[in-house]
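In: I need the structure of the sequence given here:
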Amino acid sequence: MPLLQPPDARAADERRSDRPRLWRRLCARGVDLVVHMLLMAVLLGWVAATVLPGAAALISRPGGEFLFGMAVLPCALALELLVQATFGTTPGKALFGLALRVRAAGGDAAAPPGARALLARQGGVYVQGLGLGIPLVGVATLGYQLVRLRRGHPASWDARSGVEVCQVVPGRLGLVRAAAAIGLVVTVVWLHMGIRGLDADYQAVISDAEVSSRALSAPTSAGAVLRVADRGSWLNPWTGRTVRASQGWVRVALPPSAAGPVDMSGWGVFHAAECGCTLLMFKASGADNLSTPEHARAWMAAQSQTFVLGELQRLDVLPGRRGWTARGVRAASPSEQVDVAFLEHGEDVWMLIASWPADTLQAMSRIDGMRQALLASLP
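Out: This is a model prediction of the structure:
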């Protein structure tokens, strides 16, 4: 390169020297998208579950995850903008030795871009790069931007905002930076998978809660569509132990419409018509990542519109087995009493739910006898 060059030519050489390779930009963008989108997915999922207990059920419906992802994308880009404005870089750019700069009129690199330029750039990334998160549109817009970059032109959002992506760490990427980038992505994905496991457990608890409330009402409301099962016994399919119904109790087979998506074939549902009492026992779903108290509180939150339950309390009447219980009334019929027990055995949680009219004098003695028979079927 000649020692004496016109200022414009020298500025052009400087711009070429700090222009990053395309693979660096792609890797940095990939890391930033993965990190910020997963963090926002966890945050928004937690907020939605807190405000709306049935949010997990809505997201799990057909098309729900797609719409949730489209909602997460702009939030993730906003989080990336906040990180860039606060720290002057993002995880992806820092790991791959890149930085955002605004060049002065003479071609020299000026200070990092301001908030307005960053906002314009992120808006361009969202619309011109990612195509608003719409799959086919995003493929077309990203393909167009890749062609521009390969031809030596800036990306559309960089040209519009006046921001350039510069390589501030010369030379090769280095083993340490590459390992750090891979480790960051793997860690965030691992955390996200753990959160998804919790979401799946909460969804299972919500499904159990919805079905169990219908099961408690079915013996008295379903009438003719009920099919009385074996009056004498119930085989607990999880333990292989047989429960014989106490005097005055019958086991009821619920219609498929009461179960919905949940397999209730092994649930023990007993009804005593004389006192109007119903007992429901089953092995709960969603206990893989939740402790028993967490499982109990999630069930109670999902049923907050159906039952008015008191505080969760320890259940110490079962020797050698921990349990928790909550007692209250049905919201639509305050005269109907409800008692919900969560019984812990190893990694499993068993639920035993009882309902009875408040004005039935012999209800509690009837329930206690049948409840002891059901507890005997546990391992």
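In: what packs against the host helix or strand of residue 40?
Out: Using DSSP states H and E, residue 40 maps to helix 22-51. Packing partners of helix 22-51 (3 or more C-beta pairs under 8 Å, 6 or more residues apart in numbering; DSSP states H and E): helix 55-60, helix 64-87, helix 91-95, strand 98-101, helix 135-150, helix 175-221. Where you see a C-beta, it was placed from the backbone N, CA and C, and this is true even at glycine.
In: change it to 6 Å
Out: helix 64-87, helix 91-95, helix 175-221 (3 or more C-beta pairs under 6 Å, 6 or more residues apart in numbering; DSSP states H and E).
In: which of the ones you listed has the lowest mean pLDDT?
Out: Mean pLDDT is lowest for helix 175-221 among these, at a mean of 67.
In: after the longest strand along the chain, next one along is what?
Out: Longest strand in the chain by number of residues (criterion: DSSP state E): strand 333-345. Using DSSP H and E, the helix or strand that follows strand 333-345 in sequence is strand 348-357.
In: just the angle for that following strand relative to strand 333-345, thanks.
Out: Interaxial angle of strand 348-357 relative to strand 333-345 (axes from the mean of the first three to the mean of the last three C-alpha atoms, to 10 degrees): 160 degrees.
In: how big is the angle separating the helix or strand following strand 348-357 from strand 333-345?
Out: Later in the chain than strand 348-357, the nearest helix or strand by DSSP H and E is helix 363-375. Helix 363-375 and strand 333-345 are oriented at 30 degrees to each other (the same axes, to 10 degrees).
In: how far off centre is helix 363-375?
Out: 38 Å (C-alpha atoms, centre = their mean, to the nearest Å).
In: distance of residue 367 relative to residue 98?
Out: 68 Å (C-beta to C-beta, to the nearest Å).
In: same question for residue 371.
Out: 66 Å.
In: neighbour count winner among the two?
Out: residue 98 (23 against 19; other C-beta atoms under 10 Å).
In: domains of the protein?
Out: Following automatic domain parsing, one finds the domains of the chain at 7-173, 220-375.
In: can you give me the helices in the stretch 201-350 of the chain?
Out: 256-259, 292-302 (DSSP state H, counting those that start in this stretch).
In: worst average pLDDT in those?
Out: Minimum mean pLDDT among those: helix 256-259, a mean of 52.
In: and residue 136, how many residues sit next to it?
Out: 8.
In: what do you get for residue 79?
Out: Neighbours of residue 79 using other C-beta under 10 Å come to 19.
In: just checking, it touches residue 35?
Out: No. Counting by C-beta atoms under 6 Å, residue 79 stays clear of residue 35, with 9.2 Å between them.
In: before we move on, the earlier item: among the domains of the chain, which is nearest residue 186?
Out: Set against residue 186 and scored by C-beta to C-beta, the domains of the chain come closest in domain 7-173, at 9.9 Å.
In: list the buried ones in stretch 132-152?
Out: The neighbour-count check on stretch 132-152 (16 or more other C-beta atoms under 10 Å) flags 133, 141, 142, 145, 149 as buried.
In: for residue 167, which phi and psi angles does the backbone take?
Out: phi -90, psi 110 (degrees, to the nearest 10).
In: meant to ask about residue 89
Out: Main-chain torsions, residue 89, degrees, to the nearest 10: phi -160, psi 180.
In: burial measure for it, as a count.
Out: Other residues near residue 89 number 17, with proximity taken as other C-beta under 10 Å.
In: check residue 246 too.
Out: Neighbour tally, residue 246, other C-beta under 10 Å: 18.
In: would you turn the helices of the stretch 201-350 of the chain into CSV with mean neighbour count?
Out: Listed next are the helices of the stretch 201-350 of the chain as CSV, based on neighbours: other C-beta atoms under 10 Å:
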stretch, mean neighbour count
helix 256-259, 14
helix 292-302, 21
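In: nearest to residue 19, of the ones you listed?
Out: Closest among the helices of the stretch 201-350 of the chain, using C-beta to C-beta: helix 292-302, at 51.9 Å.
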